[in-house]
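Chemist: Quick one: sequence plus predicted model below, questions after.
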Amino acid sequence: MARLILILGDQLSETLSALQAGDKARDTVVMAEVTEEGAYVRHHPKKIALILAAMRKFASHLQDQGWGVAYTRLDDAKNTGTIAGELLRRAAQTGADEVIATTPGEWRLIRELQSLPLKVSLRPDTRFIATRADFADWAEGRKQLRMEYFYREMRRKTGLLMEGGKPVGGKWNFDQENRKAPPKEITCADPMQFTPDAETEAVLDLVARRFGDHFGDLRPFHFAVTRADARRALQQFIREGLPLFGDYQDAMLRGQKWLYHSVLSPYLNIGLLLPLEVCRAAEDAWKAGDVPINAAEGFIRQILGWREFVRGIYFVQGEDYPSRNALDHRRALPPLYWGAETEMRCLSEAVAQTREEAYAHHIQRLMVTGNFALLAGINPTEVHEWYLAVYADAFEWVEAPNTVGMSQFADGGIVGSKPYVSSGAYINRMSDYCKSCAYKVSQKLGEGACPFNLLYWHFLARHRERFEGNPRMGNMYRTWDRMEDGRRARIIAQAEDFLTRMEAGDRV
Ligand code: FAD
Ligand code: DLZ
Ligand code: SF4
């Protein structure tokens, strides 16, 4: 009997397990552009265009290799609008009674496939370095899941940056040499940009028509949409960005959207690049003497460590993970996240860049937009849906643990041992945002005080019971307790006033 091989928009890899299990002579590959995947959260138009354009290129590539591909375009008259609907339609057309798929990266779609009235065989996603079973075994019986220990296992498993069973350079982690404050003048190359061809232009027009009212600028569009171009972007990053990646990993500068970051996550997450090949390219550059060990190790740790770790967490924790709210935060996401004007320079920069590029680097996500949402007590489900929608690299398996766990502490401390909160001082040290802000970062209270300074204490005070016993937070509570009573009360009152004005829709 004929079978259907499903390939989703983030599964564009030749080595995909569903393809490996298929038979060109007998099976039909199903790929479908569907409204539901673009709209179940209102994805950034650039992200939708990246996925659809890359899907079309990948389908042609498979056809060139002799696969029969049943491809549905978004504007096909018979398009049912959902992945399940398209599988049923193709099953009826071909007489297939079985679907072979690589397990999707989101519980929602896993359940959708499992409830089809067809035989569905879900294969493991072998593009990751750790299998789900590897992670579950490692996590079993541990009181705390710490990325650093998992990462060491991954180094041992792959042999990356290892020599004679030991880490090269004598230590596992070179972060002490990383994360410098940015110098005044900095020159770094932009990530490689690609001019859309006629086929990609047609996708851009389609996305403008169908999703043009979503938050985000569709044009200019410069993403690679083929594996060959994504490989070029990788090579350029290894040459130009990687040598200084570690040094300025946490820096944020106006007008510098990318700094020394790779901007490879969209390609990794839709399958144009594979994590192991990216790590090996960084290791080779270090072996050739082209990049220092702190850069190579720091970069490899993000992919071999963090990326694999958060995926493990997503699947081990189960379906309710994205809706957790351990700190019981209930405030609505303020309109400034969707581009409404704000006086806070750090937020206006991070959101403007997100709108333009569907990209912000890690520290902008964690210490600006994430930090503010956590300090202000925003409902983590709304924060999660925002991150899932606005970034080109956002797929639930990687986005939810980063947002719900690392950034919002809504999982109660599974991903991080303490909440990532800071006052304005951290943002000031790592960026040039504060210099042009309407607020004063040095001011802790009174007219013009930086909202991060006020909300930082408000957060600590309202969650005292949970955090004062945390050994990494004791100092902060001691500082708070040393302040005189009147000052503490005035800080809380001013923070409350700020939150009330924000909720009322005032420009803050
Ligand atoms: P680089 O700084 O060049 O890092 C290299 C690679 O390491 C990245 O391409 C990525 O594949 C990997 N990486 C680095 N940090 C992480 C991490 N914490 N988790 C997983 N992989 C990591 N990353 C996503 O890929 N998708 C998301 O939806 C996503 N959502 C996030 C939400 C929040 C609130 C936070 C704080 C982080 C999120 N991240 C997410 C992690 C990180 O911010 C992005 O991977 C990174 O900014 C991508 O840009 P880059 O390729 O230039 O990364
Ligand atoms: C994100 C996305 C979008 C916008 N569109 C499609 C699509 O039209 N067809 C498709 O197969 N996949 C799309 N995707 C990716 C899926 O949403 C993704 O596979 C799941 O969220 C699981 O990670
Ligand atoms: Fe952000 Fe405060 Fe600095 Fe303004 S002063 S940019 S609000 S940290």
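Modeler: Okay, I see it. Ligands and ions are numbered 1, 2, ... in the order given.
Chemist: Kindly state the pLDDT recorded for the residue lying closest to T226 once chain neighbours are set aside?
Modeler: With sequence-adjacent residues excluded and distances taken as Cβ to Cβ, 6 or more residues apart in numbering, T226 is closest to K57, at 4.9 Å. For glycine as for every other residue, the C-beta is placed from the backbone atoms N, C-alpha and C. Taken from the predicted model, the pLDDT recorded for K57 is 98.
Chemist: what about K57, is that helix, strand or coil?
Modeler: Here K57 is helix, with the state taken from DSSP: H, G, I helix; E, B strand; the rest coil.
Chemist: which ones are touching it?
Modeler: Under the criterion of Cβ atoms under 8 Å, 6 or more residues apart in numbering, the neighbours of K57 are E199, V225, T226.
Chemist: and the last one, how many neighbours?
Modeler: Using other Cβ atoms under 10 Å as the criterion, T226 is surrounded by 20 other residues.
Chemist: Could you check how far it is from ligand 1?
Modeler: Spatial separation of T226 from ligand 1 under the definition Cβ to the nearest ligand atom, to the nearest Å is 18 Å.
Chemist: shaky segments in the chain?
Modeler: The chain contains no residues with pLDDT under 70.
Chemist: At the contact with ligand 3, which residues of it appear?
Modeler: On the criterion Cβ under 6 Å from any ligand atom, ligand 3 has as its neighbours in the chain the residues 344-346, 424, 427-428, 433-434, 437, 439, 441, 450-452.
Chemist: Quick check: phi and psi on the one residue in the stretch 251-400 of the chain that gets nearest to ligand 2?
Modeler: Per Cβ to the nearest ligand atom, the residue of the stretch 251-400 of the chain with the smallest distance to ligand 2 is F395, at 4.1 Å. F395 adopts backbone torsions of phi -130, psi 150, taken as degrees, to the nearest 10.
Chemist: now do the one 4 residues further on
Modeler: The phi and psi values for E399, taken as degrees, to the nearest 10, are phi -70, psi -40.
Chemist: thinking it is in contact with L388, fair?
Modeler: Yes: between E399 and L388 there is a contact at 5.0 Å, judged by Cβ atoms under 8 Å.
Chemist: Strands of the stretch 1-150 of the chain, residue ranges please.
Modeler: For the stretch 1-150 of the chain, the strands identified by DSSP state E, counting those that start in this stretch occupy 3-6, 28-32, 68-72, 98-102, 119-123, in order along the chain.
Chemist: Could you give me the buried positions within the third one?
Modeler: I take that to be strand 68-72. Residues of strand 68-72 classed as buried by neighbour count (16 or more other Cβ atoms under 10 Å): V69, A70, Y71, T72.
Chemist: Endpoints of stretch 325-341, how far apart?
Modeler: End-to-end distance for stretch 325-341: 28 Å, by Cα to Cα, to the nearest Å.
Chemist: any bit of it sitting next to ligand 1?
Modeler: No: Stretch 325-341 stays out of contact with ligand 1 when judged by Cβ under 6 Å from any ligand atom, the minimum separation being 12.2 Å.
Chemist: Leaving out chain neighbours, which residue sits closest to the residue in the stretch 101-250 of the chain that ligand 2 sits nearest to?
Modeler: Proximity to ligand 2, evaluated over the stretch 101-250 of the chain using Cβ to the nearest ligand atom, is greatest for G105 at 3.3 Å. In space, and not counting its chain neighbours, G105 is closest to W397: 4.0 Å by Cβ to Cβ, 6+ apart.
Chemist: Contact partners for that neighbour?
Modeler: Contacts of W397 by Cβ under 8 Å, 6+ apart are G105, E106, V310, R311, Y314, F315.
Chemist: Now the buried members of those residues.
Modeler: Buried among the contacts of W397 (16+ other Cβ under 10 Å): G105, E106, V310, R311, Y314, F315.
Chemist: In this model F135 seems to touch the last one, though I could be wrong.
Modeler: Yes: the pair F315 and F135 passes the contact test of Cβ under 8 Å, sitting 7.3 Å apart.
Chemist: need the residues of this protein near ligand 1, please.
Modeler: Checking the chain against ligand 1 by Cβ under 6 Å from any ligand atom, the hits are 261-265, 268-269, 299, 302-303, 306-307, 310, 361-362, 365-366, 370, 387, 391, 393-394, 398-399, 402-403, 406-407.
Chemist: for the residues of the chain next to ligand 3, which one is nearest R254?
Modeler: Comparing the residues of the chain next to ligand 3 against R254 with Cβ to Cβ places Y433 closest, at 6.6 Å.
Chemist: Give the full set of residues in contact with that closest one.
Modeler: Taking Cβ under 8 Å, 6+ apart as the definition, contacts of Y433 comprise M252, R254, R345, C346, E349, I427.
Chemist: For those, work out which two are farthest apart.
Modeler: Greatest spacing in these, by Cβ to Cβ: R254 and I427 (12.4 Å).
Chemist: and those two? which has more neighbours close in?
Modeler: Neighbour tally, R254 and I427, criterion other Cβ under 10 Å: the higher count belongs to I427, 26 against 14.
Chemist: Near ligand 2, which residues of the chain are found?
Modeler: With the criterion set to Cβ under 6 Å from any ligand atom, the chain comes near ligand 2 through 8-10, 32-34, 37-38, 43, 48, 51, 83, 104-106, 109, 395.
Chemist: I363 touches D250, doesn't it?
Modeler: Yes: using Cβ under 8 Å as the test, I363 is close enough to D250 to be in contact (4.7 Å).
Chemist: What about the closest residue to T82 other than its chain neighbours, how many residues nearby?
Modeler: Nearest residue to T82 in three dimensions, chain neighbours excluded: E36, at 4.6 Å (Cβ to Cβ, 6+ apart). Burial of E36 is recorded as 16 neighbouring residues (other Cβ under 10 Å).
Chemist: and E36, what does it touch?
Modeler: E36 is in contact with G81, T82, I83, counting by Cβ under 8 Å, 6+ apart.
Chemist: Please flag which of those sit within helices.
Modeler: Of the contacts of E36, the ones assigned to helices by DSSP state H are I83.
Chemist: Who wins on neighbours among the contacts of E36?
Modeler: Neighbour counts for these were taken using other Cβ under 10 Å; the highest belongs to I83, which has 24 neighbours.
Chemist: Which two among the contacts of W397 are spaced furthest apart?
Modeler: E106 and V310 (13.6 Å).
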